[in-house]
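In: predicted model and sequence below, questions to follow.
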Amino acid sequence: MSSEDNKGASNVAPLRKTVPCPECKRPSHREHYPFCSDRCRNVDLNRWLTGSYAIPVADDESKADDEE
């Protein structure tokens, strides 16, 4: 490849618009999207693995009576 071919590659538009990192609100990077760094990605993964992100379940007593 010549140096002229490399110039066109720098003018390529990004595939995604940068969004704020969900952890620290800094701009996201392509390698870690939607996070800004590997650290923020690992913090989020740790929260998923430890169960911090849980959907609360409301006990519906009418359904429990129907099942019995």
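Out: That came through, no problem. Numbering: from 1, shown residues only.
In: distance of the residue nearest to residue 26 when sequence neighbours are not counted relative to residue 56?
Out: Closest residue to residue 26 apart from its sequence neighbours, by Cβ to Cβ, 6 or more residues apart in numbering: residue 36 at 4.3 Å. For every residue, glycine as well, the C-beta is placed using N, CA and C. Residue 36 sits 29 Å away from residue 56, taking Cβ to Cβ, to the nearest Å as the criterion.
In: same thing with residue 23?
Out: 22 Å.
In: and these two? which has more neighbours close in?
Out: Looking at residue 23 and residue 56 with other Cβ atoms under 10 Å, you find the greater number of neighbours at residue 23, namely 17 against 4.
In: secondary structure element holding the residue nearest to that one when sequence neighbours are not counted?
Out: Spatial nearest neighbour of residue 23, excluding adjacent residues (Cβ to Cβ, 6+ apart): residue 40 at 3.9 Å. Secondary structure assigned from DSSP states H and E places residue 40 in helix 38-50.
In: which residues does residue 57 contact?
Out: Not one residue lies near residue 57 by Cβ atoms under 8 Å, 6 or more residues apart in numbering.
In: could you shift the numbering so residue one becomes 54, and keep it that way?
Out: Sounds good: first residue 54 from here, last item residue 110.
In: which secondary element of this protein has the worst mean pLDDT?
Out: Ranked by mean pLDDT, DSSP states H and E, the weakest helix or strand in the chain is helix 56-62, scoring a mean of 52.
In: where does this structure dip in pLDDT?
Out: Counting by pLDDT under 70, the ranges of the chain that qualify are 54-63, 65-67, 69, 113-121.
In: do that again at 80, thanks
Out: Scanning the chain for pLDDT under 80 picks out the ranges 54-71, 111-121.
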